[in-house]
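S.K.: I would like to see how this sequence folds:
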Amino acid sequence: MKELSVGVLGLQGNVEEHIAATKAAFEETGLKGNVMWVKTPRQVQVLDGLIIPGGESTVIGRLSSFNQTLQSVKERILSGIPALGTCAGLVMLAKKVYDRVVGETNQPILGVMDIVVERNSFGRQRESFEVDLDIPVLGEEKFRGVFIRAPSIREAGPNVKVLSKLNDVITAVKQDNLLGTAFHPELADDLRIHRYFLELVGRHSQISKAIRNPR
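M.R.: Here you go, the predicted model:
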């Protein structure tokens with residue numbers, strides 16, 4: 001397998017944490033790859049996978065729209081590359097977003113995942129918390145979810161697989177090449193989300209190579 005190139009959209013948010021976690025996950029999985037800090041449309045074009053980090057979704061959306069990275073990201077995702085969105089990144093992936101307090105946000109988003117997301121669903125900064133989550137695709141051991149001004153998934157389309165819930169609230173989903181979490185896996189002492197994402201990237205890369213170079 002070729003060396004994989006994974007980018008972290010680095011306009012704002014927990015970029016360094018995701019880079020560190022992805023590098024460590026590469027080592028654990030044994031996959032060959034590099035991690036890039038991505039800020040421009042040209043950088044997006046060479047990626048095999050993309051992570052959209054937590055932070056301020058409105059700021060990420062506006063900055064990426066301003067330098068045309070948002071459209072480039074959307075094109076690459078629609079072409080099939082895997083993407084992981086965490087917290088604000090989940091908001092960016094959704095087809096529709098509203099805020100628990102202010103209602104409609106009218107913010108720039110990618111609109112590529114068939115979910116409706118509520119921002120600040122669990123409260124503001126002072127209501128941040130950690131909790132153990134059941135995520136069966138990662139195994140029997142619970143995953144420590146770090147929720148900081150976290151969103152939640154209020155509606156999920158028929159092609160969206162629910163990976164995790166907190167009580168009755170959806171907190172992690174997968175749709176085709178897209179993976180989204182309401183929590184911050186990059187802040188947990190657990191690489192399983194990043195390893196799972198890299199496995200998606202690796203499989204997609206192999207399929208793409210086979211299509212380009214049929215025997």
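
S.K.: And what about residue 90, helix, strand or coil?
M.R.: helix (DSSP: H, G, I helix; E, B strand; the rest coil).

S.K.: dump the residue contacts of it.
M.R.: Residues near residue 90 by Cβ atoms under 8 Å, 6 or more residues apart in numbering: 117, 151, 153, 180, 181, 182. (Each C-beta comes from the backbone N, C-alpha and C, glycine too.)

S.K.: Give the bridge partners for the residue lying closest to it once chain neighbours are set aside, please.
M.R.: In this structure, residue 90 finds its nearest non-sequential neighbour in residue 180, 4.1 Å apart by Cβ to Cβ, 6 or more residues apart in numbering. Beta-bridge partners of residue 180, counted by DSSP bridges, are residue 85, residue 173.

S.K.: Just give the number of residues close to residue 180.
M.R.: 29 (other Cβ atoms under 10 Å).

S.K.: Tell me the one of the contacts of residue 90 nearest residue 16?
M.R.: Relative to residue 16, the closest of the contacts of residue 90 is residue 181; by Cβ to Cβ it sits at 18.2 Å.

S.K.: Give me the local confidence score for that closest one.
M.R.: Each residue has a pLDDT score; the one for residue 181 is 98.

S.K.: show me what contacts the residue nearest to residue 90?
M.R.: 84-86, 89-90, 93-94, 113, 115, 153, 172-174.

S.K.: Now tell me which of those the prediction trusts least.
M.R.: residue 89 (93).

S.K.: Next one: it relative to residue 95, how far apart?
M.R.: Distance, residue 89 to residue 95, using Cβ to Cβ, to the nearest Å: 15 Å.

S.K.: what do you get for residue 124?
M.R.: 25 Å.

S.K.: In terms of neighbours, single out the busier of those two.
M.R.: Per other Cβ under 10 Å, whichever of residue 124 and residue 95 has more neighbours is residue 95, with 15 against 11.

S.K.: Give me the distance from the helix or strand of the chain with the lowest mean pLDDT to the chain's centre.
M.R.: In the chain, no helix or strand scores lower on mean pLDDT, DSSP states H and E than helix 57-66, which sits at a mean of 77. What separates the centre of helix 57-66 from the centre of its chain is 16 Å, taken as Cα atoms, centre = their mean, to the nearest Å.
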